[in-house]
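Enquirer: prediction below, plus the sequence it came from.
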Amino acid sequence: MREKKAQKLKLSFLFLLIFCFSDTRCSSRQNSLLFDTKVDNMMPLISPTGNPQPLYPLLAPSPLSPFTITNNTAPKLSGRCTLDFDAIDAMMSMTAIDCFTVFAPYLANVVCCPQFEATLVILIGQSSKKTKTLSLNSTLAKHCLSDYDQILMGQGANNSLQQICAIGPSNLTEASCPVKDVDGFEKMVNTSKILANCGKIDLVNECCKETCQNALTEAAKDLASVSSYDFDAMGIRRPSGISNRVINDCKNIALRWLASKLEPVRAKEVLRGLATCNLNKVCPLVLPNVGPVARGCGDEISNQTSCCTAMEGYVSHLQKQSFLTNLQALNCAASLGKKLQKENITKDVYKLCHISLQDFSLQANGMQESGCLLPSLPSDATFDRYSGVSFLCDLNDHIPAPWPSLSHLPPSSCNKTIKIPALPAAASGQKGLYNDDVTFLLLCVMTFVLVTIL
């Protein structure tokens, strides 16, 4: 009897899922979401630019039954870790939401991993108030990282975060930095300068002015200089060059010290802001061989249809990888454009084939105009027991992908001629998540999740 009910439930969800993704238009006249849903898994349609509207995409379990962010399992802790997890209990919960189960790989580079790493830095920093050390030995590092994972998994986080974020026990040690204790750090470094420049950072201008980053680099060099001496042939001790590896390791020590002097919330804001500067400088996507596009767009693009078919097919592979910020998408557009230029494609195929920045980001399967670009300053995911896990991005701000100029200057948010909004248009004016269109989209997404699980 139960099996028949389960089969019936699966069929009901499957029917609703098919209904959601069939040729349907969900719209409302004001401040609504507009989707022209047309299934084409092999060749997603690339839409021209349109007027941007804000959207909170809701990726959540079903509100039809009670849902909690925890899997109700008590974490199995080693009992050997000296870190004070209770000191940042709220931040641990936020990290679990940012790295929630199935969504973690897709939010990894923009939300999950920056939060995962920032929480570790703050955890070691806050614990140093008692331990008086800014690092762990290799044995403690293994136990503490394992406990950290167990606590997060107990609150619903993905169980492979070390692999997803490329974090191992060595990231909790001092690595190659010669200074690790608090007293030694404060004797070697101009701590007042660090607090003045990094106690609170300008999230908009820090990536260009690098005020805090320069203070941290200076402190790291001071720490690294402790071991940067060699003896010459006469036995005289002389300064030697400092490797970038040692400087980077010492910069981590400086960040932990900073995190010990700030309230956890303020420390998180600073660390996430600095991480954003780094993640927005690169394209995190794996760009496959552009040979098919080069063949389709060869001979001075003699066949526009063939060229755009090849281009759209190539982009469809990128759309399966991860969510991007708008600035990351800009970098990806530049990187791909340069690859194509090396194949003697000089015409702007982005304009020809209506490629937008959103076309580089993860797409909602089967939906046109659904590439999701996160703001250049990504916010945390949010959770409540009814709508589940959600995060802020923009589905409708169709910024045309810029074709690289012959000067080959890398794109940069510090270039005032490039207009990339830090937040989706009018996002702050969006009130409530339960208008008809949002509920419909939510129901479609949740039904897909349930059908997959069942």
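Expert: Nice, I can see it. Just so it is clear, the structure is predicted and the values come from calculations on it, not from any experiment. Numbers count the residues shown, from 1 in each chain.
Enquirer: what are the phi and psi values for G388?
Expert: phi 80, psi -140 (degrees, to the nearest 10).
Enquirer: flag the shaky bits of the stretch 201-350 of the chain, pLDDT-wise.
Expert: 227-241 (pLDDT under 70).
Enquirer: and what of the stretch 1-150 of the chain?
Expert: In the stretch 1-150 of the chain (pLDDT under 70), the answer is 1-73.
Enquirer: let's go with 80 and repeat that
Expert: 1-74 (pLDDT under 80).
Enquirer: looking at it, V121 is touching R272, isn't it?
Expert: No: contact criterion Cβ atoms under 8 Å: V121 and R272 do not qualify, at 10.5 Å. To be clear about C-beta, it is placed using only N, CA and C from the backbone, and glycine gets the same treatment.
Enquirer: compare these two and say which is more crowded by neighbours.
Expert: Neighbour totals were compared for V121 and R272, and V121 leads with 24 against 19 (other Cβ atoms under 10 Å).
Enquirer: what distance do you get for that one to L161?
Expert: Going from V121 to L161 by Cβ to Cβ, to the nearest Å gives 15 Å.
Enquirer: could you do Y350 as well?
Expert: Counting by Cβ to Cβ - Y350 and L161 are separated by 35 Å.
Enquirer: again with E300
Expert: Look at E300 and L161: by Cβ to Cβ, they are 48 Å apart.
Enquirer: now do Q328
Expert: Distance of Q328 to L161, given as Cβ to Cβ: 21 Å.
Enquirer: of these two, who's got more company?
Expert: Q328 (27 against 24).
Enquirer: please identify the buried residues of the strand or helix carrying the more buried one?
Expert: Using DSSP states H and E, Q328 maps to helix 326-342. Of all the residues in helix 326-342, those buried under the rule 16 or more other Cβ atoms under 10 Å are 326-337, 339-340.
Enquirer: closest one to A141 out of those, please.
Expert: Q328 (30.5 Å; Cβ to Cβ).
Enquirer: which residues does the closest one contact?
Expert: Neighbouring residues of Q328 by Cβ atoms under 8 Å, 6 or more residues apart in numbering: 109-110, 279-280, 282-284.
Enquirer: 7 Å - rerun?
Expert: 279-280, 283-284 (Cβ atoms under 7 Å, 6 or more residues apart in numbering).
Enquirer: ok, and the most crowded of those residues?
Expert: Going by other Cβ under 10 Å, N280 tops these with 23 neighbours.
Enquirer: excluding chain neighbours, what is closest to that residue?
Expert: Leaving aside its chain neighbours, N280 sits nearest to L327 (4.0 Å; criterion: Cβ to Cβ, 6 or more residues apart in numbering).
Enquirer: V226 too?
Expert: P178 (4.3 Å).
Enquirer: so what's the residue count around that neighbour?
Expert: A count of nearby residues for P178, using other Cβ under 10 Å, gives 17.
Enquirer: same thing with the one 10 residues further on?
Expert: Taking other Cβ under 10 Å as the neighbour definition, M188 ends up with a count of 17.
Enquirer: does it touch V179 like I think?
Expert: Yes: using Cβ atoms under 7 Å, M188 makes contact with V179 at a distance of 6.0 Å.
Enquirer: so the chain: which segments form each domain?
Expert: 35-62+288-453, 85-279 (automatic domain parsing).
Enquirer: ok, and what's touching stretch 168-182?
Expert: Outside stretch 168-182, the residues that touch it by Cβ under 7 Å, 6+ apart are 120, 124, 128, 132-138, 141-142, 144-145, 162, 185, 188, 223-224, 226-227, 245-246, 249-250, 253, 257.
Enquirer: how much space separates D348 from T309?
Expert: Distance of D348 to T309, given as Cβ to Cβ: 17 Å.
Enquirer: ranges for the strands of the stretch 1-150 of the chain?
Expert: For the stretch 1-150 of the chain, applying DSSP state E, counting those that start in this stretch gives strands covering 25-26, 35-36.
Enquirer: before we move on, back to that, of the contacts of stretch 168-182, buried ones?
Expert: Buried members of the contacts of stretch 168-182, counted by 16+ other Cβ under 10 Å: 120, 124, 128, 133-136, 141-142, 144-145, 162, 185, 188, 223-224, 246, 249-250, 253, 257.
Enquirer: just those residues: which are in helices?
Expert: If you go by DSSP state H, the buried ones among the contacts of stretch 168-182 have 120, 124, 128, 141-142, 144-145, 162, 185, 188, 223-224, 246, 249-250, 253, 257 in helices.
Enquirer: where exactly do the strands run in the stretch 201-350 of the chain?
Expert: 229-231, 237-239, 324-325.
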